[in-house]
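Q: Below are the sequence and a predicted model for it; my questions follow.
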Amino acid sequence: MIRPHRTHALWYAFILHRVSGIVLALFLPLHFYMLSLALTDPAQLDGFLVFADLLIVKCAEFALVFLLAVHMFGGLRLMALEFLPWSPRQKTFAASAVALAFLISTSFFLQAM
Amino acid sequence: MSETGEFLQVSIWREQDGNGHFESFQVPRRDNQTILDVVAWVQQQADPTLSYRFACRVGMCGSCAMMVNGAPRWTCRTHVQKVADDNRLEIAPLRNLPVIKDLAVDMDPFFDKWVAAEAVFEPSQTRDDPMPPINPQDPMRIAASDAIECINCAVCYAACDVVAANPDYLGPAALNRAWSLVNDSRDDGQDARLKAVSGGGGCHNCHVQQGCARYCPNELNPTLSISGLKRATAKSLLGWGQ
Amino acid sequence: MRPSLERHDTDILILGSGGAGLFAALHAQKAAPDAKVTIAVKGLIGKCGCTRMVQGGYNVALAPGDSVERHFMDTIIGGKWLPDQDMAWKLCKTAVTRIHELENEIGCFFDRNPDGSLHQKAFAGQTFDRTAHKGDLTGIEIISRLMEQVLARPVERLQEHRAIGLIPSRDGSALAGVLFIDMRTGKFRLVRAKTVLMATGGGPTMYKYHTPSGDKTMDGLAMAMRRGLALRDMEMVQFHPTGLLAGAGTKMTGTVLEEGLRGAGGHLMNGNEQRFMFDYDAAGERATRDIVSRAIYEEMRQKRTSPHGGVYISMAHLGPEIVAEKFKGMVKRCADSGFDLAGGLVEVVPTAHYLMGGVVVDTDTRTDLPGLYVAGEDAGGAHGSNRLGGNGVANSTVYGGVAGDVMGQDCQKMKALHDPDETVLDEELARAMAPFAHKPGDVTALRDRLQDVMWEDVGVMRNADGLQRGLKRIAEIDDALSSVGVAADNLAFNLSWHDWLNLRSLVDMSTVIAKAALSRENSRGAHFREDFPDAGAMQESYFTLATGYGEAISVARAPVQFTIVKPGETLLGEDEAETLVGAAQ
Amino acid sequence: MLNLHLYMAQRLTALIMAPLVIGHLAVMIYAVQGGLSVAEILARTQGSLAWFLFYGSFVLAVSIHAAIGMRVIMFEWLGIKGTLLSLISWGVCLLLLMLGGRAVWAVTFAGAGA
Ligand SMILES: Cc1cc2nc3c(=O)[nH]c(=O)nc-3n(C[C@H](O)[C@H](O)[C@H](O)COP(=O)(O)OP(=O)(O)OC[C@H]3O[C@@H](n4cnc5c(N)ncnc54)[C@H](O)[C@@H]3O)c2cc1C
Ligand code: HEM
Ligand code: SF4
Ligand code: F3S
Ligand code: FES
């Protein structure tokens, strides 16, 4: 069923922040685990890093970097909204957060190619 | 009454004793017609048992809010023309409140939270004291005034997903009123109020969805007010005083 | 056969949650802290009635240069010497305390001057700028704040409880309680109480065009009449000249476009788009409410009308941006309804606004029936033939508070609750269930008919023929209503049943208004008789007193007692200017 | 669900993380050029107190931050409440702390490769 009361930009900003937070929270333990392989089994980590060169994995990384960046900028927007004087330009800020995140993740992606 | 010869296909939520379903009606479309007029037409001409609520019919009492094509609206001031989607309307009871019957909801939980938020003036003076002089340009007075013209219609309450998800959440309207009072120099209940809005249902649960501000028919901004409360409570926690 | 009836007891019972009802609850609780206070109301607490709809503001003599005496004189002269002077005096005097209470204890916001003092604006018919306000939404502020206070206190709430009958004690010596319909379930409930305040707010909604909220249908006055109480000044129905006219199919029609539009220089134009007010009065559009209403009514009778049968208000010549800025709320309201107030023409029509008449009470809100108190728009006397803009909410808050104090005191003296007169109880139950015996019919069509009759024959301008005709037509509607039924299969939140009961009260009170109008053979304030256009001698002023019920309604005349000031005299000192409105600017 | 203390903890940790994440992203964009290897990573981080503090504070902050965040979401979307909710939240926090701590240790002071 459509839920039109949610179809506004700032609600999407909220859901993007939440989803990115969840994905990051799920991904982070994995990331940490990989890194600690450096301690126990460097060969396996290297093997993984080679695997990481695959395009599909690159794309996944791109997504993760995007989510991290968008979560961060989104979070900064929220904190600015909460702690700085009110600005009516919240939609612009939310859009800027997405744009910046996209910029960062794309440059990451291009560098990684 | 100028009828346009067109008909509206209106789908109205019917509910009694917890059982609900949509029912369809054909309502003649008129030039000057609000959603409330549509609902009243159905009750008066098609189904006499249809229940709904209104009082002032001009956007002052906040008793007529419903979900219209999925969005919360004050129905007495919502022109059909503004919301009808190809002559189709879907009218349902306001979200996030228990249904009494059909389109009438029980607003008590909304007001219970209003009181729980200490969103009630706590006097520091009596009727025997003189009128306090108040500079209308004082920033605090301006902040309080900006939040005050609320008609307690619960439209914001229906627009907020946190209200749906967290039964304790005090909701945008009560918090908005609490913020107005935080800026009221005559009020003597600030400590209790900040405490009341700092608990498990307090202002910190707002995730800044801003549906409240988007749908408030009086163009109030509960998001701004809630942010103010977040700042005020943070300051008091860090001991930076009021 | 009696339907199931739930019984409930309290000490202090308040009907209605407007300014009068809510103030009464707060005061009663203070005056009698141990007593149980119950508010029963047709809608939700604080969210129905007209106090919320107050736009203009609250009259009170506060500013230097103003005085209670001046406020009082304005009230008496505005009411054309018909007000009960003791009531008017207490109103003006207590308003000063009440506004302090609203500001200091209830927490209302009132607009301020740059120096921090209360801003008081001009309102028609007053010799001093004394109307305190919160923008043009004063009522929302007052009621929302009062509502918060009441909700935060242990006051019992019976919401969506419609009072349908006052039930006397078995020996008839006092009021025993009130019969209700619990609207949500459709069940009957009898609430016994030691003291009962009736504050159901009158409300002349039997006119085709009317401003009051939809819940107000004069139930209270109809109930009081059935118990033999006298109503005074019932012919005095105030019309506001500029109600929005948007056609018959919408509830927006009749709602007020504020007075300030004319004050600011708005033009009224007839169907030919010509200004007409100067044909009637030298003050043009700025003439008083009654004069403007009559002028518009006359244009309408001459068929110089706009498409929906009214006239136009036009603001555009003042500059659409300026209008949009200065009358933001009104412009937005019109825009929501599909009209362009700032730049276009908006159709308007005179609209029934306020009922000056009501139950005869003393200055302590007591009535002839021990245990029953009446305050607010339900009570007659304070305004006489005309209510000053800004005296309505002052009246309901002042006397609501008085009622709370008095009921609190009286209640402590009373020992036991009374047993109800079961015969009357049966009568009242039967009355409410009467429509179930008949085939369901179109109540709305009948109400439309009544509203047409009242507008045409008992409206802005009256004459004996019209009033007689009106009475006949009302009687026909009365008959028709008696045979129109309501289906009884699902009574929970059944608005169609309540539409029927609303119309029942309105028909009863329409008869009273028409008979009182016929009885007053002169023209004063809101009451204008084309066949008796003179005001009559002020010294011989009388007011009307209606008693009885149904066929037996009779209207008597009683002389006004000039207990404080006589016509031709004034309370103002010799050195005081007659009006300070010009001087203040 | 969030009270003032949890809220403040979440906002403060977010503020701490913001510069760290920016730094991390910058290094990544720079480092990822031409692919990554264990040796490259370790060459940069091994034995560096600065990197230890950099990633250490991130791990500390994110454990608190994400645990509070997930707590709210589990309450609002999954309806988990009370003790169970607190247990899971602490679980998330400790898991992140342990895994994160081990990773930071691994890339800075643990002797792998040395
Ligand atoms: C549009 C508008 C603008 C106005 N502007 C001004 C102004 O600027 N200044 C001014 O002084 N006055 C103004 N007035 C008049 C003023 O609003 C009233 O005089 C005053 O508020 C009446 O207060 P009250 O408490 O007597 O009644 P209300 O506030 O009308 O309350 C009546 C209450 O009784 C309840 N009730 C009715 N029937 C029953 C029943 N059968 N059982 C139980 N409960 C019942 C109603 O639901 C309601 O709660 C205005 C009125 C209107 C309509
Ligand atoms: C980089 C800096 C970060 C900033 C500035 C930041 C900011 C924020 C803020 C302000 C919130 C509160 C949102 C709300 O109340 O609705 C939040 C929520 C959250 N954050 Fe972060 N965060 C950051 C990093 C992270 C990281 C790395 C993770 C994951 C491991 C994470 C996971 C979460 C989660 C799960 C939530 C809950 C989301 C919700 O309640 O909808 N955050 N973040
Ligand atoms: S804040 Fe706005 S939407 Fe919410 S209750 Fe008040 S008027 Fe209605
Ligand atoms: S919609 Fe709800 S989440 Fe906050 S900003 Fe408004 S209260
Ligand atoms: S009926 Fe009062 S706000 Fe709609």
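A: Here it is on my side, so go on. Ligands and ions are numbered 1, 2, ... in the order given.

Q: what bits of chain B have low per-residue confidence?
A: Low-confidence segments of chain B (pLDDT under 70): B:1-4, B:240-242.

Q: How about the secondary structure of A:Lys91?
A: When classified by DSSP: H, G, I helix; E, B strand; the rest coil, A:Lys91 comes out as helix.

Q: Now for the closest residue in space to it that isn't next to it in sequence, how many residues are close by?
A: Sequence neighbours aside, A:Ala9 is the residue nearest to A:Lys91 in space, at 4.9 Å (criterion: C-beta to C-beta, 6 or more residues apart in numbering or on different chains). Any C-beta I mention is one placed from the backbone N, CA and C, and that applies to glycine too. Neighbour count of A:Ala9, defined by other C-beta atoms under 10 Å in any protein chain shown: 14.

Q: ditto for A:Ala95
A: Using other C-beta under 10 Å: A:Ala95 sits among 13 other residues.

Q: related to what we said a few turns ago, give me the phi and psi for the residue nearest to A:Lys91.
A: Dihedral pair for A:Ala9: phi -50, psi -40, per degrees, to the nearest 10.

Q: so what's it up against?
A: A:Lys91, A:Ala94, A:Ala95 (C-beta atoms under 8 Å, 6 or more residues apart in numbering or on different chains).

Q: In which helix or strand does the last one reside?
A: A:Ala95 is part of helix A:90-112 when elements are defined by DSSP states H and E.

Q: try D:Leu20
A: Per DSSP H and E: D:Leu20 is located in helix D:4-31.

Q: Next, count neighbours for the residue of chain D found nearest ligand 3.
A: Using C-beta to the nearest ligand atom, the single residue of chain D nearest to ligand 3 is D:Glu76, 20.7 Å away. D:Glu76: 19 surrounding residues under other C-beta under 10 Å.

Q: State the distance from it to B:Ser225.
A: According to C-beta to C-beta, to the nearest Å, D:Glu76 and B:Ser225 sit 21 Å apart.

Q: ok, which of the contacts of A:Ala9 also contact ligand 4?
A: Among the contacts of A:Ala9, no residue lies close to ligand 4 (C-beta under 6 Å from any ligand atom).

Q: Is stretch D:63-79 positioned near chain B?
A: Yes - applying C-beta under 8 Å from any C-beta of the partner chain, one finds stretch D:63-79 touching chain B at D:Val72, D:Phe75, D:Glu76, D:Trp77.

Q: which residues sit against stretch B:83-96?
A: Here stretch B:83-96 makes contact (C-beta under 8 Å, 6+ apart) with A:5, B:6-13, B:15, B:22, B:29, B:35, B:38-39, B:65-73, B:75, B:80, B:99, B:102-105, B:154-155, B:157-160, B:163-164.

Q: nope, stretch B:56-64 is what I meant
A: Contacts for stretch B:56-64 (C-beta under 8 Å, 6+ apart): B:36, B:52-55, B:74-77, B:151-154, B:217, C:43-44, C:47-48, C:52-53, C:137, C:139-140, C:213-214, C:251-252, C:255-256, C:333, C:336.

Q: In helices, which of the residues you listed appear?
A: Among the contacts of stretch B:56-64, DSSP state H puts B:Leu36, C:Gly139, C:Ile140, C:Arg333, C:Asp336 in helices.

Q: Which two among the residues you listed are spaced furthest apart?
A: B:Leu36 and C:Gly139 (19.9 Å; C-beta to C-beta).

Q: tell me the pLDDT at the residue nearest to A:Lys91?
A: Listed pLDDT for A:Ala9 reads 89.

Q: For the residue nearest to B:Ala165 when sequence neighbours are not counted, give me its contacts.
A: Spatial nearest neighbour of B:Ala165, excluding adjacent residues (C-beta to C-beta, 6+ apart): D:Glu76 at 3.7 Å. The neighbourhood of D:Glu76, defined by C-beta under 8 Å, 6+ apart, consists of B:Val162, B:Ala165, B:Asn166, D:Met1.

Q: Could you rerun that using 10 Å?
A: By C-beta atoms under 10 Å, 6 or more residues apart in numbering or on different chains, D:Glu76 lies in contact with A:Arg18, B:Asp161, B:Val162, B:Ala164, B:Ala165, B:Asn166, B:Tyr169, B:Asn205, B:His207, D:Met1.

Q: Let's verify the last one: helix, strand, or coil?
A: Counting by three-state DSSP, the backbone at D:Met1 sits in coil.

Q: and D:Gly82, how many neighbours does it have?
A: D:Gly82 has 8 neighbours, counted by other C-beta under 10 Å.

Q: State the distance from it to chain A.
A: Distance from D:Gly82 to chain A, counting by C-beta to the nearest C-beta, to the nearest Å: 21 Å.

Q: what pLDDT does that residue get?
A: The per-residue pLDDT of D:Gly82 was computed as 92.

Q: Tell me the secondary structure of A:Leu37, please.
A: Assignment for A:Leu37 (three-state DSSP): helix.

Q: Likewise for D:Val104?
A: What three-state DSSP gives for D:Val104 is helix.

Q: excluding its backbone neighbours, what's nearest it?
A: With C-beta to C-beta, 6+ apart as the criterion, D:Val104 has its nearest non-adjacent residue at 4.4 Å, and that residue is D:Tyr55.

Q: helix/strand/coil for B:Gly62?
A: Applying three-state DSSP to B:Gly62 yields a three-state assignment of coil.

Q: is chain B contacted by stretch C:206-213?
A: Yes - Stretch C:206-213 comes into contact with chain B (C-beta under 10 Å from any C-beta of the partner chain), by way of C:Thr211, C:Pro212, C:Ser213.

Q: Thought C:Met252 was touching the first one, still the case?
A: No - no contact is recorded between C:Thr211 and C:Met252 when judged using C-beta atoms under 10 Å, the distance being 11.3 Å.

Q: can you list residues touching both of these two?
A: The contact sets of C:Thr211 and C:Met252 overlap at B:Arg57, B:Val58, C:Gly243, C:Leu244 (C-beta under 10 Å, 6+ apart).

Q: ok, now which ones touch C:Gly165?
A: Taking C-beta under 10 Å, 6+ apart, we find C:Gly165 in contact with C:177-180, C:188, C:190, C:219, C:222-223, C:226-227, C:424-425, C:427-429, C:431-432.

Q: taking those one by one, which sit in helices?
A: Checking the contacts of C:Gly165 against DSSP H, those in helices are C:Asp219, C:Ala222, C:Met223, C:Arg226, C:Val424, C:Leu425, C:Glu427, C:Glu428, C:Leu429, C:Arg431, C:Ala432.

Q: Closest one of the residues you listed to ligand 2?
A: Ligand 2 lies nearest to C:Asp219 out of the ones in helices among the contacts of C:Gly165, by C-beta to the nearest ligand atom, at 49.3 Å.

Q: I'd say the closest one and C:His161 touch.
A: No - contact criterion C-beta under 10 Å: C:Asp219 and C:His161 do not qualify, at 11.8 Å.

Q: Counting neighbours, go ahead and name the busier of these two.
A: C:Asp219 (29 against 22).
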